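K.L.:
from the sequence below, what's the structure:
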Amino acid sequence: MNVWLWVGVLVLAAWAAHWGADQLLTPLKMLRKQWGLTASAGAAFLAIVTASPEVAINITSAARGVSDIGLGNLLGSNIISIPLMVTIAYDCRCCHEL
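P.N.:
As a prediction, the model looks like this:
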C-alpha cells in the first residue's frame, strides 16, 4: 500500500508540474518580450533562477562548516541532471546529422 501511495504522489506531482508549466508559458513569453530578451537569454535567466536555491544551500553549508549538506546537495542534483543533459545533447546531435 505504501508503494502505491508514493506512485500516486509521483504521478500527481508530474501532472502538477506539467499543468504549472502550461499556465506560466504565456506570462513568461510576455515578460521576455517586455524585457527585450532573446530566447537564449531567457533560457540563461531561467537556469540561474533554477540553480539559485542549490547555490544558497551550498553557500550556507560552507559558511556553517557543514560540508556534508553541500556535498549531498551537489551529488543529489547532478545524479539526475548530468544523464539528462548528455541524453538530450546526444539526441540533438543525432537529429542534426540527418
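
K.L.:
C-alpha from now on. contacts and neighbour counts both.
P.N.:
OK.

K.L.:
so where's this protein uncertain?
P.N.:
Along the chain, the model assigns pLDDT under 70 to residues 1, 84-85, 88-98.

K.L.:
buried residues of the helix or strand that contains Gly8, list them for me.
P.N.:
Following DSSP states H and E, the helix or strand that holds Gly8 is helix 2-35. Residues of helix 2-35 classed as buried by neighbour count (16 or more other C-alpha atoms under 10 Å): Arg32.

K.L.:
that helix packs against which elements?
P.N.:
The contact analysis (3 or more C-alpha pairs under 8 Å, 6 or more residues apart in numbering; DSSP states H and E) places helix 2-35 against no helix or strand.

K.L.:
can you give the distance of it from its chain's centre?
P.N.:
Remark: helix 2-35 is offset 12 Å from the chain centroid, using C-alpha atoms, centre = their mean, to the nearest Å.

K.L.:
moving C-terminal of that helix, what's the next helix or strand?
P.N.:
Criterion used, DSSP H and E; the element after helix 2-35 is helix 39-64.

K.L.:
give the buried residues for that following helix.
P.N.:
Gly42, Asn58, Ser61.

K.L.:
against which helices or strands is that helix packed?
P.N.:
If contacts are counted by 3+ C-alpha pairs under 8 Å, 6+ apart, helix 39-64 sits against helix 67-97.

K.L.:
next, name the residue at the spatial heart of the chain.
P.N.:
With distances taken as C-alpha atoms, centre = their mean, Thr50 lies nearest the centre of the chain, 5.6 Å away.

K.L.:
surely Ile57 meets Gly70?
P.N.:
Yes: between Ile57 and Gly70 there is a contact under C-alpha atoms under 8 Å: 6.7 Å.
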